[in-house]
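> test case, fold it:
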Amino acid sequence: MKGVKDLVEEFRQRAIKHYKYSLEGDYKHGNAEIKGINKVYAAIKKQEELEELLQLIYSDTPEVVSLAATYCMKFSPEKCLEALNKLFKEDIPLISSGAKYAIQNWNNNKWYID
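Next comes the predicted model:
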């Protein structure tokens with residue numbers, strides 16, 4: 001079993017790759033990265049180490065912040081909403097609109113990540 005630090009690093013790397021593939025329109029590889037992120041998230045959650053994953057919302061890499069905040073929303077909604085609101089205001093391709101929809105889903109009780 002991987003340790004939490006390795007899992008958090010894998011999450012970070014996969015978030016960067018997912019964004020790259022999304023910008024390129026390579027949805028096949030982008031979707032594969034999301035599947036990998038889901039597995040990493042499940043492993044981190046199983047180890048009860050979401051606080052470690054939450055630290056990624058302080059990253060300098062917007063695509064990492066976005067996905068970490070999205071996946072940690074139920075764990076720490078105030079911190080995650082703050083991070084997503086900041087991204088929404090920065091007008092970053094794909095990331096700002098994704099942050100907007102994540103905030104809307106949360107506010108409308110339509111959250112999809114457990």
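> next up, the contacts around the residue lying closest to Leu50 once chain neighbours are set aside.
Spatial nearest neighbour of Leu50, excluding adjacent residues (C-beta to C-beta, 6 or more residues apart in numbering): Phe75 at 4.5 Å. To be clear about C-beta, it is placed using only N, CA and C from the backbone, and glycine gets the same treatment. Counting by C-beta atoms under 8 Å, 6 or more residues apart in numbering, Phe75 touches 50-51, 54.
> are any of the residues you listed buried, and which?
50, 54 (16 or more other C-beta atoms under 10 Å).
> helix, strand or coil for the residue nearest to Leu50?
coil (DSSP: H, G, I helix; E, B strand; the rest coil).
> what about it, distance to Trp111?
For Phe75, the distance to Trp111 equals 12 Å [C-beta to C-beta, to the nearest Å].
> would you map the helices across the chain?
Per DSSP state H, the chain carries helices over the ranges 4-24, 27-46, 50-54, 62-71, 77-89, 95-107.
> so what does the fifth one touch, helix or strand wise?
Put plainly, it is helix 77-89. In terms of contacts (3 or more C-beta pairs under 8 Å, 6 or more residues apart in numbering; DSSP states H and E), helix 77-89 is packed against helix 62-71, helix 95-107.
> elements contacting the last one?
Counting contacts by 3+ C-beta pairs under 8 Å, 6+ apart, helix 95-107 is packed against helix 62-71, helix 77-89.
> using a markdown table, please lay out those together with mean pLDDT and distance to Tyr27.
Output for the helices and strands packed on helix 95-107, formatted as a markdown table (pLDDT from 0 to 100; distance: least, C-beta to C-beta, whole Å):
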| stretch | mean pLDDT | distance to Tyr27 |
| --- | --- | --- |
| helix 62-71 | 98 | 16 |
| helix 77-89 | 98 | 21 |
